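Student: For reference, the sequence and a predicted model appear below.
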Amino acid sequence: MGRVGVLLLNLGGPDQLEDVRPFLFNLFSDPEIIRLPFTWLQKPLAWLISTTRARKSQENYKMIGGGSPLRRITEEQAQALQASLRQRGQDAQVYIGMRYWHPFTEEAIARIKRDNIERLVILPLYPQFSISTSGSSFRLLDRLWQEDPSLHRIDHTVIPSWYARSGYRQAMAQLIAQELDQFPEPDSVHIFFSAHGVPLSYVEEAGDPYQQEIEECTALIMQTLNRPNAYTLAYQSRVGPVEWLKPYTEEAIPELAEQGVENLLVVPISFVSEHIETLQEIDIEYRELAEEAGIHHFQRVPALNTHPVFIDDLAEMVVSAVNAPSLKLSEVPQMRKQVKMYPQERWEWGMTTAAEVWNGRLAMIGFIALLIELISGHGPLHFVGLL
Ligand SMILES: C=CC1=C(C)c2cc3[nH]c(cc4nc(cc5[nH]c(cc1n2)c(C)c5CCC(=O)O)C(CCC(=O)O)=C4C)c(C)c3C=C
Ligand SMILES: [Fe+2]
């Protein structure tokens, strides 16, 4: 068998405060995150949003030590996976390809080529598939494959999602059980699954399987946990003016408090590493919200990071994929159809949602441009160096 590689896909995060603005620029430049009807608008809008959001976002990163721990944790996961693969007799080189920050996916592919990898397993570190996460990375890889014929000699296989695997479920259940048992009355604790949200239109109009996979994943983990606790699923980290998947975490927590819940255990469900949304949003913002609402005991389940049961499950997944390659990038169902992310942005005349969304956006752009002009004495075109 030729040289084997594993490409772990992840989102990436700013290593230090100076990285926040360019990281946000990369994120908002991605049409899988914000899709615009005119491609020429993408970069100016990404510049505008990243510039206006950077300060608030930096404040949040300051609260967790001045940067994202994502790169360090993903590197630890890669090393642990490589070691677990060796133990199974599978010699493989593990690479990390981040979507919006270093080490970028393009760098990983350059290294894979340089190392003459002949068989590649493409494994997103997102348990559930979303157009906005794994989908975006697959789309980038697909483009790299189309642009570079020398990549065609690499026999690759893709694992689109893996939330239903028993090792993953068992590792999650173990972490939840450990935290539950710290409470004086474990069975009375309300388990609160908090998933990263996506705009509702991704699911309802673009056919993103994310919500369904999250719901199935939560039910499977509860089955594996096999405890009598009540549970709720809600969605966090909403960005922008459009409607996202509901219920929103920040609304569901006070509602549970009103219903008399006093002990809450939050389980981050859509991501396997600690990151800003666990360390800042849940541990700081939602804790404060919960305590103000009357929840006396608020705890969070740690992210899987390098949990051995989880890492061994990843290794087994890789070994199976090497031995029985199945799905090519171009065969991933969501890659085959040209998914339109924001169908409400397809222009229709009249008092339509499209008109509302675009009026709102253009008003925001105009308003922000005016603010920048007022504060700086220069218009936005000076800032981008066009004037
Ligand atoms: C499964 C996980 C994630 C989904 C789904 C997702 C969708 C999504 N995210 C944004 C906007 C932002 N995401 C940001 C950071 C961020 N998001 C995820 C995960 C998912 N995103 C991670 C792991 C991170 C990085 C965290 C870190 O530690 O650095 C940010 C930047 C942070 C901030 O300013 O709040 C934004 C913005 C959208 C719009 C979206 C779906 C369309
Ligand atoms: Fe995000």
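Tutor: Done, it's in. Numbers count the residues shown, from 1 in each chain. Ligands and ions are numbered 1, 2, ... in the order given.
Student: Which single residue in this protein comes nearest to ligand 1?
Tutor: Nearest to ligand 1 in the chain, going by Cβ to the nearest ligand atom, is G13, at a distance of 2.4 Å. In this view, the C-beta of every residue, glycine as well, is placed from N, C-alpha and C.
Student: right, and that residue touches L70 too?
Tutor: Yes - contact criterion Cβ atoms under 8 Å: G13 and L70 qualify, at 3.9 Å.
Student: overlap in contacts of those two?
Tutor: H275 (Cβ atoms under 8 Å, 6 or more residues apart in numbering).
Student: what's the neighbour count on the residue nearest to Q280 when sequence neighbours are not counted?
Tutor: Computed as Cβ to Cβ, 6 or more residues apart in numbering, the closest residue to Q280 that is not its neighbour in sequence is N60, at 4.8 Å. N60: 16 surrounding residues under other Cβ atoms under 10 Å.
Student: Can the strand or helix carrying N60 be said to contact ligand 1?
Tutor: Using DSSP states H and E, N60 sits in helix 42-63. Yes - legend: contact between helix 42-63 and ligand 1 by Cβ under 6 Å from any ligand atom is shown at R53, S57.
Student: Close to ligand 1: what parts of the stretch 251-387 of the chain are there?
Tutor: Applying Cβ under 6 Å from any ligand atom, we find that the stretch 251-387 of the chain lies next to ligand 1 at S270, F271, H275, I276.
Student: what do you get if the cut-off is 8 Å, keeping everything else the same?
Tutor: Contact residues, the stretch 251-387 of the chain versus ligand 1 (Cβ under 8 Å from any ligand atom): S270, F271, S273, E274, H275, I276, E277, L279, E281.
Student: Report the two of those residues separated the most.
Tutor: Maximum pairwise distance in those, criterion Cβ to Cβ, is 15.2 Å, between S270 and L279.
Student: Spit out the contact partners of the residue nearest to the spatial centre of the chain.
Tutor: Geometric centre of the chain, nearest residue: T133, 5.4 Å, by Cα atoms, centre = their mean. Residues near T133 by Cβ under 8 Å, 6+ apart: L11, R99, P124, Y126.
Student: check contacts around the closest residue to the first one other than its chain neighbours.
Tutor: Leaving aside its sequence neighbours, L11 sits nearest to R99 (Cβ to Cβ, 6+ apart; 5.3 Å). Listed by Cβ under 8 Å, 6+ apart, the contact set of R99 reads L9, N10, L11, G12, N26, D30, T105, T133, S136, S137, L140.
Student: same thing but 7 Å
Tutor: L11, G12, T105, S136, S137, L140 (Cβ atoms under 7 Å, 6 or more residues apart in numbering).
Student: Next: D283.
Tutor: Here D283 is in contact with R300 (criterion: Cβ under 7 Å, 6+ apart).
Student: which parts of stretch 216-224 are buried?
Tutor: If you call a residue buried by 16 or more other Cβ atoms under 10 Å, then stretch 216-224 has these buried ones: C217, T218, L220, I221, M222, T224.
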